[in-house]
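S.K.: I'll drop the sequence and a predicted model, then ask my questions.
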Amino acid sequence: AQTVTQSQPEMSVQEAETVTLSCTYDTSENNYYLFWYKQPPSRQMILVIRQEAYKQQNATENRFSVNFQKAAKSFSLKISDSQLGDTAMYFCAFTYSTGNQFYFGTGTSLTVIP
Amino acid sequence: DTGVSQDPRHKITKRGQNVTFRCDPISEHNRLYWYRQTLGQGPEFLTYFQNEAQLEKSRLLSDRFSAERPKGSFSTLEIQRTEQGDSAMYLCASSRTGWNEQFFGPGTRLTVL
């Protein structure tokens, strides 16, 4: 079975500061996709950023960027200029290129402190 | 694009009763997924449809669980003879083939008394 590990159950960051959330995964395949999803309190899950494993360049979406280390099977999320609205659970997720099944980590609860 | 919708949003039932949940995916999405999420955990994959075909089922999906997507549009998830351990949030997500980006619904929170 594939596993996704998020070793930081809770994190906090001061507003306007930068924070990095960690994720590692386990697979023997070469073609896959990685995602970070955000789940605000009592609201539905939304996609933050995605990374194709065949791309060496790290994905960036505005204040969100990833550090994808394929050999180390590591996929961390960096949030710059943190905002109060970034307070949420963040889930790292993995799927193969077929997209038949997604695997999620246990999540990191991020609190942005004003 | 009205997003993924789920009905009901909350369901309270007594142990042993049957419950059915509905998911309406985004209209042009041919892939549909069901997940279960318990408090403090990430979503756990239950099953996956491509159009009307159920292509993947998790070992978590015991014989008390059944899912259908009869016309390749909406889907239903039925739990028979509910147990207290079935209490969870049931999430539905949809995507288009080749995109591998899932759009999630708001979930149905099930409480089994």
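M.R.: The structure has been received and is ready for your questions. Numbers count the residues shown, from 1 in each chain, chains lettered A, B, ... in the order given.

S.K.: shouldn't residue A:32 be in contact with residue A:53?
M.R.: Yes - using C-beta atoms under 8 Å, residue A:32 is in contact with residue A:53, at 4.8 Å. For glycine as for every other residue, the C-beta is placed from the backbone atoms N, C-alpha and C.

S.K.: bridging residues for the residue positioned nearest the centre of chain A?
M.R.: For chain A, residue A:36 is the residue whose C-alpha lies nearest the centre (C-alpha atoms, centre = their mean; 3.2 Å). Beta bridges link residue A:36 to residue A:49, residue A:92 when assigned by DSSP bridges.

S.K.: Which residues are in contact with it?
M.R.: A:21, A:23, A:47-50, A:64, A:66, A:75, A:77, A:90-93 (C-beta atoms under 8 Å, 6 or more residues apart in numbering or on different chains).

S.K.: tell me which of the residues you listed is nearest to chain B?
M.R.: residue A:91 (5.0 Å; C-beta to the nearest C-beta).

S.K.: Could you give the number of residues near the closest one?
M.R.: 25 (other C-beta atoms under 10 Å in any protein chain shown).

S.K.: give the contact list for it.
M.R.: A:6, A:36, A:37, A:38, A:39, A:45, A:104, A:105, A:107, B:42, B:43.

S.K.: Now with 6 Å, please.
M.R.: A:37, A:104, A:105, A:107, B:42 (C-beta atoms under 6 Å, 6 or more residues apart in numbering or on different chains).

S.K.: got it, and residue A:79?
M.R.: A:19, A:64, A:86.

S.K.: Would you confirm that residue B:77 contacts residue B:36?
M.R.: No - Residue B:77 lies out of contact with residue B:36 (C-beta atoms under 6 Å); the separation is 9.5 Å.

S.K.: Tell me how far residue B:21 lies from chain A.
M.R.: Relative to chain A, residue B:21 is positioned 15 Å away (criterion: C-beta to the nearest C-beta, to the nearest Å).

S.K.: Are we agreed that that residue is in a helix?
M.R.: No - judged by DSSP: H, G, I helix; E, B strand; the rest coil, residue B:21 forms no part of a helix; its state is strand.

S.K.: and it, how many neighbours?
M.R.: Residues near residue B:21, counting by other C-beta under 10 Å: 21.

S.K.: quick one, what contacts the closest residue to chain A within chain B?
M.R.: Using C-beta to the nearest C-beta, the closest approach of chain B to chain A is made by residue B:42 at 3.5 Å. Neighbouring residues of residue B:42 by C-beta under 6 Å, 6+ apart: A:91, A:104, A:105, A:106, A:107.

S.K.: Helix, strand, or coil at it?
M.R.: Three-state assignment for residue B:42 (three-state DSSP): coil.

S.K.: who in chain A is up against chain B?
M.R.: A:33, A:44-45, A:47, A:91, A:95, A:99-102, A:104-107 (C-beta under 6 Å from any C-beta of the partner chain).

S.K.: rewinding a little: gap between the residue of chain B closest to chain A and residue B:61?
M.R.: 17 Å (C-beta to C-beta, to the nearest Å).

S.K.: likewise residue B:82?
M.R.: Distance check for residue B:82 against residue B:61: by C-beta to C-beta, it reads 14 Å.

S.K.: neighbour-wise, which of those two wins?
M.R.: residue B:82 (21 against 18).

S.K.: Just the pLDDT at residue 32, thanks.
M.R.: Went with chain A since none was named. If you check residue A:32, the pLDDT there is 91.

S.K.: not what I meant, chain B
M.R.: 95.

S.K.: burial of the closest residue to chain B within chain A, as a residue count?
M.R.: Closest contact between chain A and chain B, by C-beta to the nearest C-beta, is at residue A:104 (3.5 Å). Neighbours of residue A:104 under the rule other C-beta under 10 Å: 22.
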